[in-house]
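1. Build me a model from this:
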Amino acid sequence: MFNRFGTTQDMMIQTVQENGTEVVLAIDSRGLYLTTAQFVGRPIADRNRYSAARQGAEQRIAALGLDAPGLLAANQHRIQVETVSAKKVNPLKASKRGAKG
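-> Residues are numbered from 1 along each chain as shown. Prediction:
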C-alpha cells in the first residue's frame with residue numbers, strides 16, 4: 001500500500017545500531033534515510049522523511065560503515081510509485097460540453 005508521508009515495511013532495508021540506538025535504514029523516491037521503528041507501518045507521517053531531517057543522512061550512513069550508493073542501487077525495487085488513474089474523456093463529448101457554455 002502506498003503511503004505518501006509514512007514509512008511502510010516495504011521501504012525498510014535493515015535495522016542498524018547508531019550510538020546505542022536502533023535505527024531503521026529505509027528508502028523512498030528521494031533516496032535513503034534513517035528513521036525509528038515507531039514510524040514504520042503506522043498511518044502517521046514520518047518526520048524523518050522530510051527534507052530537513054535528511055540533511056546529513058549520507059554522512060550518518062557512511063559513518064555506520066554502510067555503502068550508501070550500493071544500498072541505493074540494490075534496493076530500487078523498494079521505491080513506491082504512486083499511480084494516478086485518470087478518467088478517460090471522450091473528446092467529442094467534452095467539446096460539446098464546452099460549446100454549451
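2. Determine the next helix or strand in the C-terminal direction from whichever helix or strand Val23 is part of.
-> For Val23, the enclosing helix or strand under DSSP states H and E is strand 21-28. Using DSSP H and E, the helix or strand that directly follows strand 21-28 along the chain is strand 31-35.
3. Show me what counts as buried in that following strand.
-> The neighbour-count check on strand 31-35 (16 or more other C-beta atoms under 10 Å) flags 32-35 as buried. (Glycine included, C-beta is placed from N, CA and C.)
4. Return the member of the residues you listed nearest to Asn90.
-> Nearest to Asn90 among the buried residues of strand 31-35: Tyr33, at 43.7 Å, using C-beta to C-beta.
5. Specify the beta-bridge partners of that closest one.
-> Following DSSP bridges, Tyr33 is listed with bridge partners Ala26.
6. for this protein, which spans come out with low pLDDT?
-> Low-confidence regions of the chain, defined by pLDDT under 70, span residues 1-3, 82-86, 93-101.
7. And for Val24, the neighbour number?
-> The number of residues packed near Val24 is 21, by other C-beta atoms under 10 Å.
8. ok so, going back, format the buried residues of strand 31-35 as a markdown table; extra columns: distance to Thr7.
-> As requested, these are exported to a markdown table (distance: C-beta to C-beta, whole Å):
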| residue | distance to Thr7 |
| --- | --- |
| Leu32 | 12 |
| Tyr33 | 9 |
| Leu34 | 11 |
| Thr35 | 5 |
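9. about what we covered before: could you check the strand holding Val23 and say which residues are buried?
-> Neighbour counts over strand 21-28 (16+ other C-beta under 10 Å) mark 23-28 as buried.
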